[in-house]
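Provide a 3D model corresponding to the input given below.
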Amino acid sequence: MKSSSQDQSLSDSRELDRSYDPLTDSVADDAELSTVCHRPEGLDQLLQQTSFNRKELQILYRGFKNECPSGVVSEENFKTIYSQFFPQGDSSMYAHFLFEAFDTRSNGAISFEDFVMGLSIILRGSTTDKLNWAFNLYDLNKDGCITKEEMTDIMHSIYDMMGKHTYPCIKETAPKEHVENFFRKMDKNNDGVVTIEEFLETCQKDENIIQSMHMFDNAI
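Model (predicted):
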């Protein structure tokens, strides 16, 4: 029977050589260790930083590791994974924008922490948190406002992702019309840009937008 000191020594050595995975409470084999670039520190921090419970985090992590054995997702991998959900269209540009929204440290990779903290906002965040995340997605150059050019790029990426063979057929002018409607509603002072204040004020008064923000609250 092992003593407590022996157990502690084994645990310490696992932490030092990174063979111990605190999220799954398991030891990685040599093959897995050779591919891992990043490993989350553990559950406790993520339990504090997200709205997921322990079981949910473990389920999410298993899925993440299955798709991304190295522990991080590159943009190309992200695009490949995302394209599986939209086989009829070209989702590469929208996936690029989405990747940049998840890549909060702008280091060209999404770790499990990046992924799960973003997902926590999308699925479990308050209305204001979700709207702030959406604004950051649309604000492509992260300068604090959304321009018509940025919104046009977003809309084209969404329509490309939906594909050409939708029913009813989407008009060629649809992206431009959507942008004009967006600015007509959001740009309160008609200065050609939408600020976070204008975005929040308009969205929080629109019942349809509020309902759509909470469609996936219980998705996990």
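
all helices in this structure, in order from the N-terminus.
Along the chain, counting by DSSP state H, helices occupy 4-17, 30-35, 43-49, 54-67, 75-83, 92-102, 112-124, 127-138, 148-162, 174-186, 196-204, 207-213.

residues contacting Gly89?
By C-beta atoms under 8 Å, 6 or more residues apart in numbering, the residues touching Gly89 are Asp160, Met161, Met162, Gly163, Lys164. Any C-beta I mention is one placed from the backbone N, CA and C, and that applies to glycine too.

Tell me how many other residues crowd the second one.
So that's Met161. Neighbourhood size, Met161 [other C-beta atoms under 10 Å]: 19.

wait, isn't it in contact with Phe86?
Yes. Counting by C-beta atoms under 8 Å, Met161 does reach Phe86; the two are 5.0 Å apart.

Can you mark which positions in stretch 64-72 are buried?
Residues of stretch 64-72 classed as buried: Phe64, Lys65, Cys68, Ser70, Gly71, Val72 (neighbour count, 16 or more other C-beta atoms under 10 Å).

Format these as a markdown table; extra columns: pLDDT and distance to Phe199.
Formatted as a markdown table, those follow (pLDDT from 0 to 100; distance: C-beta to C-beta, whole Å):
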| residue | pLDDT | distance to Phe199 |
| --- | --- | --- |
| Phe64 | 91 | 30 |
| Lys65 | 88 | 36 |
| Cys68 | 88 | 32 |
| Ser70 | 88 | 36 |
| Gly71 | 88 | 34 |
| Val72 | 92 | 31 |
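
quick one: which of those residues is nearest to Val116?
Checking the buried residues of stretch 64-72 against Val116 by C-beta to C-beta gives Phe64 as the nearest, at 7.9 Å.

what does the model give the closest residue to that closest one other than its chain neighbours for pLDDT?
Spatial nearest neighbour of Phe64, excluding adjacent residues (C-beta to C-beta, 6 or more residues apart in numbering): Phe112 at 5.1 Å. On the pLDDT scale, Phe112 is placed at 92.

what's the distance between Phe112 and His96?
Distance of Phe112 to His96, given as C-beta to C-beta, to the nearest Å: 20 Å.

These two - which one has more neighbours?
Regarding Phe112 and His96, a neighbour count based on other C-beta under 10 Å identifies Phe112 as having more, with 21 against 17.

I'd assumed Pro40 was in contact with that one.
Yes. Applying C-beta under 8 Å, one finds Phe112 in contact with Pro40, separated by 5.0 Å.

Could you check how many residues crowd around Arg54?
Arg54 has 12 neighbours, counted by other C-beta under 10 Å.

Which one (most neighbours) among the contacts of Gly89?
Counting neighbours by other C-beta under 10 Å, Met161 leads the contacts of Gly89 with 19 neighbours.
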